[in-house]
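Student: generate coordinates for the sequence data below:
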Amino acid sequence: MSAPRNPTRSSDDTPDNTPGKTPPGAEPLHSHGHAVHHDQGHGHGHDDHDHDDGAAHSTFKGYMTGFVLSVILTAIPFWLVMGNVFEKSSTTALVILGFAAVQIVVHMVYFLHMNTRSEGGWNMLALVFTLVLVVITLTGSLWVMFHLNHNMMPPSVHDMKNMP
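Tutor: Sure, this is the predicted structure:
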């Protein structure tokens, strides 16, 4: 049985196919198949390969877009509260929660670079799982607190005086 052939070597290089020896004129290979370059500082190094992992790559324009959107999404709720734009405070609170949700998405897209392709979709799956857990936890907590308040508190002061 002969030694495995190296794809960068031709059959007429040398008769000696000993592993670890490189014939004259051929570049040695790393264990993962890339050729070993001895001129790493001249633009031909291993880091020059285009590794597309699906994640969005950062640009100055992208960061500035995210920053401007974040400032706008912070200034509008500030103005809503300070200008007393809505008569009911519950309306103001709901609008602010909406702006907060939009700002969370802006941060995840522009600063955390999350999309459906990054890390093969696992980042998005982890986010969805986290959101489901948060919704279940908050809904359950509010439900329990409401029912405790409803079931444990007497309906009126008059009923409290008549209790045994």
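
Student: ok, longest helix in this protein?
Tutor: Counting residues, the longest helix in the chain under DSSP state H turns out to be helix 122-152.

Student: so residue 81 is in contact with residue 95, correct?
Tutor: No: distance between residue 81 and residue 95: 9.8 Å, which falls outside the contact criterion (Cβ atoms under 8 Å). Glycine gets a C-beta too; all of them are placed from N, C-alpha and C.

Student: distance of residue 96 relative to residue 104?
Tutor: 13 Å (Cβ to Cβ, to the nearest Å).

Student: more neighbours: the two, which one.
Tutor: When residue 96 and residue 104 are compared for neighbours, residue 96 comes out ahead with 15 against 11, by other Cβ atoms under 10 Å.

Student: now the helix or strand harbouring the more buried one: buried residues?
Tutor: Using DSSP states H and E, residue 96 sits in helix 89-110. Of all the residues in helix 89-110, those buried under the rule 16 or more other Cβ atoms under 10 Å are 92, 95, 99, 103, 106, 108-110.

Student: looking at this protein, which helix or strand does the model trust least?
Tutor: helix 157-161 (a mean of 72; mean pLDDT, DSSP states H and E).

Student: per-residue pLDDT of residue 95, please?
Tutor: Residue 95 carries a pLDDT score of 96 in this model.
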